[in-house]
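>>> all I have is the shape, not the residue letters:
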């Protein structure tokens, strides 16, 4: 019987023990970087096609001719439901996301324009042998802070930032494609070029060993991932529509105006709830799922 993996991710090299969480849903680009390549190669048209499908296949997945932002929200909502097989930033929904009951709240916030590309639930002392969450030696316990990563409009980011003061356990980092940044950290620190903020979001405690912290949120790495994440809007999505079309203009507008955001809930106990801030600003209970389920599209 196969035991738990040594770390919560496949290692690019034997000595690797720590990895930023941002590439969790898209590990190929990170593995390329670690082997001396450039992650940018995975955003070029030829390799995008091999990884995500032909232009025709991508139009079928993401819409033949979307014209509104709500059309794009629907694609992300349907991805979480399993009705869209993959997105440029994530090729599947992680099993722990399903087991932790995150599908309904993820659908709800995607429906309202918080376009999620990565997430993980909180864990508090789960046995390292757990079939879904476990990793490392069999005599330990693993922990996680809840994490969300998404794109959203400036209007939605403004609402989040205004509500952050009422949620002191949450930390937020965000960037635009043009390099603009906004942040609010529970520690009171502000990341900058001279101040790197690193927070462990996955760690394990094992008998006779130092605490292992294999997955982190790193403000410098998030800035590097930002360029790759925004590039995918153009190379993988906008490129499937004709020049001058409303659909291409829509994706280009999202690339130019939306913010790339990550939120960490530093309360990993059973009382932590990373979705509570969305409950406040959207006046809904995300655990109930999307308020509207759009009908299935058929070929």
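All right, it came through fine. Predicted, not measured: the structure shown is a model, and the values here were computed from it. Residues are numbered from 1 along each chain as shown.
>>> ok, longest strand in the chain?
For the chain, the longest strand by residue count, based on DSSP state E, is strand 198-206.
>>> can you name the next helix or strand after it?
Sequence order places strand 212-218 as the next helix or strand after strand 198-206, per DSSP states H and E.
>>> gap between that following strand and the chain center?
Centroid separation between strand 212-218 and its chain, computed with Cα atoms, centre = their mean, to the nearest Å, is 15 Å.
>>> and the angle for that strand with strand 198-206?
Orientation check (axes from the mean of the first three to the mean of the last three Cα atoms, to 10 degrees): strand 212-218 against strand 198-206 gives 160 degrees.
>>> what about strand 212-218, average pLDDT?
Strand 212-218 shows a mean pLDDT of 90.
>>> strand partners (parallel or antiparallel) of that strand?
Using DSSP bridges, strand 212-218 pairs in its sheet with strand 19-20 (parallel), strand 198-206 (antiparallel).
>>> low pLDDT regions in the stretch 151-299 of the chain?
By pLDDT under 70, the weakly predicted segments of the stretch 151-299 of the chain are 187-194, 289-299.
>>> what about the strands in it?
For the stretch 151-299 of the chain, the strands defined by DSSP state E, counting those that start in this stretch cover 170-176, 181-184, 198-206, 212-218, 259-265.
>>> cool, and the stretch 1-150 of the chain?
Using DSSP E, counting those that start in this stretch, strands in the stretch 1-150 of the chain cover 19-20, 115-120, 123-127, 140-144, 146-152.
>>> and these as a markdown table, adding distance to residue 103 and mean neighbour count?
No exception for glycine: its C-beta is placed from N, CA and C like everyone else's. Formatted as a markdown table, those follow (distance: least, Cβ to Cβ, whole Å; neighbours: other Cβ atoms under 10 Å):
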| stretch | distance to residue 103 | mean neighbour count |
| --- | --- | --- |
| strand 19-20 | 25 | 21 |
| strand 115-120 | 10 | 25 |
| strand 123-127 | 17 | 15 |
| strand 140-144 | 17 | 21 |
| strand 146-152 | 14 | 24 |
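>>> could you tell me the least trusted of these?
With a mean of 74, strand 19-20 has the lowest mean pLDDT of the strands of the stretch 1-150 of the chain.
>>> could you report the pLDDT at residue 11?
Per-residue pLDDT puts residue 11 at 48.
>>> next up, the contacts around residue 230.
By Cβ atoms under 8 Å, 6 or more residues apart in numbering, residue 230 lies in contact with 177, 255, 260.
>>> tabulate those residues (TSV), appending neighbour count.
Output for the contacts of residue 230, formatted as TSV (neighbours: other Cβ atoms under 10 Å):
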residue	neighbour count
177	19
255	18
260	27
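>>> show me which of the residues you listed is closest to residue 245.
Of all the contacts of residue 230, residue 255 has the smallest distance to residue 245: 15.0 Å, by Cβ to Cβ.
>>> look up how far residue 89 lies from the closest one.
To residue 89, residue 255 is 13 Å away according to Cβ to Cβ, to the nearest Å.
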